[in-house]
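Trainee: sequence and predicted structure below; questions after.
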Amino acid sequence: MPLELQHLTARFARALGSGTYRAEAAIVNYYRGNSNMGPHVDDSEDDEESPVVSISLGRSAVFLLGTTSRADPPIPVLLRHGDVMMLSGPARLCVHGVAGILPRRIPVPAHRAIELAKSAVQSIEEVSPPFAEPPELHTAEIEQVFASQRININVRQVLLPGEAKLLPRPGPSSSRSAAGDSERPSCQSEIKAAP
């Protein structure tokens with residue numbers, strides 16, 4: 001995973017109230033047209049306590065956050081280009097998905113997107129060496145891609161503190177057990193977002 005993405009998501013996690021955070025894996029979801037993502041729980045990592053930091057790029061989407069039960073109705077959250085959301089605490093193991101991509105992106109003007117990108121680069125450079133050569137930004141091409149498509153980058157810590165590699169699991173994760181679901185606090189009370 002790029003060092004810059006590790007530093008950036010660690011900064012987001014700290015800004016949103018998470019303590020130490022090691023970005024170890026990323027999942028990139030690509031959406032176009034009428035794409036969606038069905039309800040699921042992010043419970044395949046050994047470390048299910050550390051938050052998932054999610055960065056939204058491109059067309060806006062309706063994110064659905066449920067509870068630990070698929071029977072409970074989810075709450076919709078609008079995610080726009082440039083939004084950062086963190087699933088932490090009880091929300092970390094809640095059922096969630098993407099209802100759909102909106103027909104058009106709720107706009108962030110190109111000059112604002114470039115300001116955000118430069119700000120992110122500056123933030124990264126505060127904690128890591130500067131880029132050898134700053135990338136040339138082709139605003140029109142970026143706008144064209146983001147006007148019709150959506151990219152979501154989900155970054156997570158996979159290993160438990162002190163672990164150096166993944167260990168085999170003895171059985172189903174505790175987050176998948178029905179007995180523990182009723183003991184968890186409400187997922188929806190822990191939504192944290194930073195536009």
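Mentor: Thanks, I have the structure now.
Trainee: for residue 7, give me the backbone phi and psi.
Mentor: As for residue 7, its main-chain torsions (degrees, to the nearest 10) stand at phi -70, psi -40.
Trainee: tell me which residues in the helix or strand hosting residue 8 are buried?
Mentor: Take DSSP states H and E as the rule and residue 8 turns out to sit in helix 3-15. Going by neighbour count (16 or more other C-beta atoms under 10 Å), the buried part of helix 3-15 is 4-13. From N, CA and C alone the C-beta is placed, and that goes for glycine too.
Trainee: same question, stretch 44-51
Mentor: 45-48, 50-51.
Trainee: end-to-end on stretch 74-85?
Mentor: End-to-end distance for stretch 74-85, by C-alpha to C-alpha, to the nearest Å: 16 Å.
Trainee: for it, give the mean pLDDT please.
Mentor: The average pLDDT within stretch 74-85 is 89.
Trainee: where along the protein do the strands fall?
Mentor: Counting by DSSP state E, the chain has these strands, from start to end: 25-32, 37-40, 52-58, 61-65, 75-79, 84-87, 96-101, 149-156, 191-194.
Trainee: list the helices and strands the second one packs on?
Mentor: This points to strand 37-40. With contacts taken as 3 or more C-beta pairs under 8 Å, 6 or more residues apart in numbering; DSSP states H and E, strand 37-40 sits against strand 96-101.
Trainee: helices or strands next to the strand it packs on in the packing?
Mentor: strand 25-32, strand 37-40, strand 61-65.
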